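S.K.: Predicted coordinates and the sequence they were generated for:
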Amino acid sequence: MLVWGGDAEGGAPFVEADPANPARVRGFDVEVAERIARGLGGGTMGARFVQVQWSNIDQSVERGDFALGLSGVEDTPARRAQHAVTIPYFEFREVLAVRPEDASRIHGLADLRGRRVATLGSTIAYDLLLAARDSTGIIPISYDDDVHPYADLVHGRMDAVLLDHIIAQRALRRRGGTGFIILPQPVAIGHYVGVLARADSALRDSVDAVLREAMRDGTLEQIFRRWNVWDDSQGVLFDRVLRAKTPLTAGAARTTGLGQAIAYLPSLARAAVVTLLVSVLSMALAVIVGLALASGRLYGPVWLRMLTTVYIEIIRGTPLLLQLFVIYYGLVGVVRLPAFLAAVLALGLNYAAYEAEIYRGALEAVPRGQLEAGRTLGFSEMQILRLVRGPQALRYALAPMTNDFVALLKDSALVSVITVVELTKETAIYATNVGSWLVPGVLCAAVYLAMSLPLARLARRLERRWRVA
Amino acid sequence: MTGGRRALLAIDRLRVRYDSRDVLQALTLEVARGEIVALMGPSGVGKTTALRAVAALQPFDAGAIIVDGFALGPGPVPPESRLVPLRRRVGFVFQGHALFEHLTARDNVTLALRHVMGKTRAESDAIATTLLASLDVGARAGAKPSQLSGGEAQRVAIARALAPDPALLLMDEPTAALDPARRTALAATLRRLCDQGRSLLVATHDAEFAAQADRVVTLA
């Protein structure tokens, strides 16, 4: 049995859940895997599919979750340096999609200076955009999926999308052929390959042999024709692969781990600033809204108390991830929020619910006797809150607030799903590139700790100072 | 009983119900200017409730309370904005002091002077210094409540209640946390306060302490 891994979320025509039987997958990569299994086992071997997130295919194959990764996996120098990679079996074109009204002005990346260009993270397309950022000044935006870039292009959040032509054509079909157009001139050419664990080079050679056989006997062409992805360039690719004595490699000089780490430090630093900015702004919003909610819940009329309670329970009872999606994608018909603003809003409004409960608890923890003493001295309710209740509640609230801020620092990693590249996302990109999570993970953890530990210390010091004397 | 002088505090047939039980049934009581009245009786008889009703911290069901011309009637406690004249006339020393934990002894005393009476910080500090010294806790002015002994905290609480110069001081179980020597000293202090024309209504179940009052009213 050949155990192979792919991402069914990537969808047709690569790998998708079979609409007739969602427990099964179908797609041209599924059939390629089955063809490879048949070739390896002399016709008797079956193929078993393992679902894996697309960006984690390399890590999973190296861990031994499956033997072969196959799901629109791109041929890159980094991948060849880190893993055992098959010969290319499909040639794709990196194509630009733009809105129809821009088609007359935009013919390539060079026409997109200062514009936002979307793509899938950890891809050749993303690397192309990063290179273009430095050379022509475009703004690369990375997504975790290949559907929302096109939706955001149509909605005007993005000015162009750069992705594989198969993905672009599929997106256009789903929109009924309207909303954007695909530029005919490709930006670059790439290939899909299978990826195996570095130690599995013998199996890789067997897989290569099966792929060559499938190119020769026409079964690969049949598969691609069945899924409407066959074109002349595939025939040219097959000829070239079959003629080549040694496997075509996209080999490149491999930099050392230390060199790569140093090269990534500036982007990690930039991403850390984004994490810090998102967290600080979200926390500020959470504190302000939280105070308003707590006051409403403690001092407001009945209807306001009910309203704040409903808000707090809904926010605390639903996932932050869902709230992020709703604010960024769900509200697009009402208001088109920039990703950074949507991230701050979602995190801030979410944490406000938790802050509100902290403040309410802290305000209620101030002994009643002191509030009554305030009344007998002639203070108004507002003065009691400002002079007696608030200052003491702040002290009670400080420790839980610090905890929340540290939690928020880490939860801010979630905002990468709406294209904000923060520390964890940048680390994931780095890890994909070097093919290991070890060094990137340690670096990333160190940066998070460098941000959270001083905070915890500060809070402890304040608490000590306020408790004594 | 009040020697013909007009009463500073007049409680007339005060009735307070809790959970359909009468805590106070028909309390009638007067306190003259400069008079110390001890309100006695076993626990749960309604002494604290009576003080709280006079300070408008708690509603009552029937009767009337008049403090130096300011009248409180049955029903819900009026909003603070309508209680300003009462707040000027009545000070309250709580059982357990209820000092503001985040402020020093001095700031506990000056808070109302500055934010209610509108005095400057310097004026307030001068008043606080005098008051704390007269109550023998001048040296503790910079301490926080958590650093004060029970007796010190109580005297700071008295100073805080006296700072706005109320005509009537209500005290709830002032001797509860004091040793015998302190009780005698407290009685002398209270007597001195009332020589200045202030009236005192003290809820206590300490008969020895009550004996030093001008008059004892026993609830049963």
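M.R.: Looks like it came in fine. Numbering: from 1, shown residues only, chains lettered A, B, ... in the order given.
S.K.: what distance separates the lengthiest strand in chain A from the centre of its chain?
M.R.: Ranked by residue count and defined by DSSP state E, the top strand of chain A is strand A:90-98. The chain centre lies 21 Å from the centre of strand A:90-98; the measure is CA atoms, centre = their mean, to the nearest Å.
S.K.: For that strand, give me every contacting residue.
M.R.: Residues from elsewhere that reach strand A:90-98, judged by CB atoms under 8 Å, 6 or more residues apart in numbering or on different chains: A:28, A:106, A:108-109, A:117, A:124-125, A:128, A:150, A:153, A:159-166, A:168, A:171-172, A:180-183, A:186-192, A:224, A:229, A:233-234, A:236-237. For the C-beta atoms, the positions are set from N, CA and C on the backbone; glycine is no exception.
S.K.: Would you list the strands that it pairs with, along with their directions?
M.R.: For strand A:90-98, the paired strands and their directions (DSSP bridges) are strand A:160-164 (antiparallel), strand A:181-182 (antiparallel), strand A:188-192 (antiparallel).
S.K.: neighbouring contacts of the helix or strand following it?
M.R.: Later in the chain than strand A:90-98, the nearest helix or strand by DSSP states H and E is strand A:116-120. When contacts are taken as CB under 8 Å, 6+ apart, the neighbours of strand A:116-120 outside the stretch itself are A:96, A:109, A:125-126, A:129, A:132, A:138-146, A:149, A:152-153, A:157-163, A:167, A:419.
S.K.: so what does the helix or strand bottoming out on mean pLDDT in chain A touch, helix or strand wise?
M.R.: Within chain A, judged by mean pLDDT, DSSP states H and E, the helix or strand with the poorest mean is helix A:423-434; its value is a mean of 79. Helix A:423-434 is packed against helix A:77-82, helix A:257-299, helix A:438-467, with contacts defined by 3 or more CB pairs under 8 Å, 6 or more residues apart in numbering or on different chains; DSSP states H and E.
S.K.: between those helices, which gets nearest to A:Ile312?
M.R.: Distances from A:Ile312 to each of those were compared using CB to CB; the shortest belongs to helix A:257-299, at 6.4 Å.
S.K.: Which positions in chain B make contact with chain A?
M.R.: Contacts of chain B with chain A, taken as CB under 8 Å from any CB of the partner chain, map to B:55, B:57, B:80-81, B:84, B:87-88, B:90-92, B:94, B:96, B:98-102, B:111-112, B:115-116, B:143-144, B:147, B:160-161, B:164.
S.K.: Wasn't A:Arg157 part of a strand?
M.R.: No: with DSSP: H, G, I helix; E, B strand; the rest coil as the criterion, A:Arg157 is assigned coil and is not in a strand.
S.K.: For A:Leu322, see how far away it is.
M.R.: When distances are taken as CB to CB, to the nearest Å, A:Arg157 and A:Leu322 turn out to be 20 Å apart.
S.K.: Quick check on the contacts of strand A:116-120: which are buried?
M.R.: Buried residues within those, counting neighbours by 16 or more other CB atoms under 10 Å in any protein chain shown: A:96, A:109, A:125-126, A:129, A:132, A:138-144, A:146, A:149, A:152-153, A:157-163, A:167, A:419.
S.K.: Give me the below-cutoff pLDDT ranges for the chain.
M.R.: Picked chain A for this. For chain A, applying pLDDT under 70 flags the ranges A:245-257, A:260, A:432-433, A:435, A:467-469.
S.K.: Actually, chain B is the one I wanted.
M.R.: B:1-5.
S.K.: the helices in it, which residues?
M.R.: Across chain B, reading from the start of the chain, the helices by DSSP state H fall at B:47-54, B:84-89, B:105-115, B:121-134, B:150-162, B:180-195, B:207-210.
S.K.: mind saving the C-alpha coords of the helix or strand that contains A:Ala168 as PDB?
M.R.: Secondary structure assigned from DSSP H and E places A:Ala168 in helix A:165-174. The C-alpha atoms that make up helix A:165-174 are tabulated as PDB, following Å, rounded to 0.1, in the frame of the first residue of the first chain:
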ATOM      1  CA  HIS A 165      -2.700  28.900 -14.100                       C
ATOM      2  CA  ILE A 166      -4.700  25.900 -13.000                       C
ATOM      3  CA  ILE A 167      -5.800  27.700  -9.800                       C
ATOM      4  CA  ALA A 168      -6.500  31.000 -11.700                       C
ATOM      5  CA  GLN A 169      -8.600  29.200 -14.300                       C
ATOM      6  CA  ARG A 170     -10.500  27.300 -11.600                       C
ATOM      7  CA  ALA A 171     -11.200  30.600  -9.700                       C
ATOM      8  CA  LEU A 172     -12.500  32.200 -12.900                       C
ATOM      9  CA  ARG A 173     -14.800  29.300 -13.600                       C
ATOM     10  CA  ARG A 174     -16.200  29.500 -10.100                       C
END
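S.K.: That one versus strand A:160-164: what angle between them?
M.R.: Put simply, helix A:165-174 runs at 120 degrees to strand A:160-164, going by axes from the mean of the first three to the mean of the last three CA atoms, to 10 degrees.
S.K.: Would you mind confirming that B:Leu51 is in contact with B:Gly91?
M.R.: No: here B:Leu51 does not reach B:Gly91: they are 11.3 Å apart, not a contact under CB atoms under 8 Å.
S.K.: Now for the two: what residues contact both?
M.R.: Shared between the contact lists of B:Leu51 and B:Gly91 (criterion: CB under 8 Å, 6+ apart) are residues B:Leu170.
S.K.: how about the residues of the stretch 251-400 of chain A that lie near chain B?
M.R.: So the stretch 251-400 of chain A meets chain B at A:367, A:369-370, A:372-381, A:383, A:387-388, A:391-392, A:395 (CB under 8 Å from any CB).
S.K.: Which ones among those residues lie within helices?
M.R.: In helices, defined here by DSSP H, the members of those are A:369-370, A:372-376, A:381, A:383, A:391-392, A:395.
S.K.: Can you tell me which of the residues you listed are buried?
M.R.: Applying a neighbour-count criterion of 16+ other CB under 10 Å, the buried members of those are A:370, A:372-376, A:383, A:391-392, A:395.
S.K.: would you list those in TSV and tack on distance to A:Val273?
M.R.: Converted to TSV, those look like this (distance: CB to CB, whole Å):
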residue	distance to A:Val273
A:Gln370	43
A:Glu372	49
A:Ala373	48
A:Gly374	44
A:Arg375	48
A:Thr376	52
A:Gln383	41
A:Pro391	33
A:Gln392	36
A:Arg395	31
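S.K.: Can you tell me which of these is nearest A:Ser201?
M.R.: Of all those, A:Arg395 has the smallest distance to A:Ser201: 63.2 Å, by CB to CB.
S.K.: what's the closest non-adjacent residue to that closest one?
M.R.: With CB to CB, 6 or more residues apart in numbering or on different chains as the measure, A:Trp466 is the residue that lies nearest to A:Arg395, at 4.8 Å, once sequence neighbours are left out.
S.K.: Now do the contacts for that neighbour.
M.R.: Going by CB under 8 Å, 6+ apart, A:Trp466 touches A:395, A:398, B:102.
S.K.: Counting neighbours, what do you get for the closest residue to A:Tyr264 other than its chain neighbours?
M.R.: Nearest residue to A:Tyr264, sequence neighbours excluded (CB to CB, 6+ apart): A:Tyr430, at 4.8 Å. With neighbours defined by other CB atoms under 10 Å in any protein chain shown, the count for A:Tyr430 comes to 25.
S.K.: now swap in A:Val415 and tell me
M.R.: A:Val415 sits with 29 neighbouring residues when counted by other CB under 10 Å.
S.K.: so is it in a helix, a strand, or just coil?
M.R.: When the structure is split into helix, strand and coil by three-state DSSP, A:Val415 lands in helix.
S.K.: Which strands and helices lie in contact with the helix holding A:Ala168?
M.R.: Packing partners of helix A:165-174 (3+ CB pairs under 8 Å, 6+ apart): strand A:90-98, helix A:148-154, strand A:181-182.
S.K.: Would you format the ones you listed as CSV with distance to A:Ala352 included?
M.R.: Conversion of the helices and strands packed on helix A:165-174 to CSV gives the following (distance: least, CB to CB, whole Å):
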stretch, distance to A:Ala352
strand A:90-98, 38
helix A:148-154, 26
strand A:181-182, 43
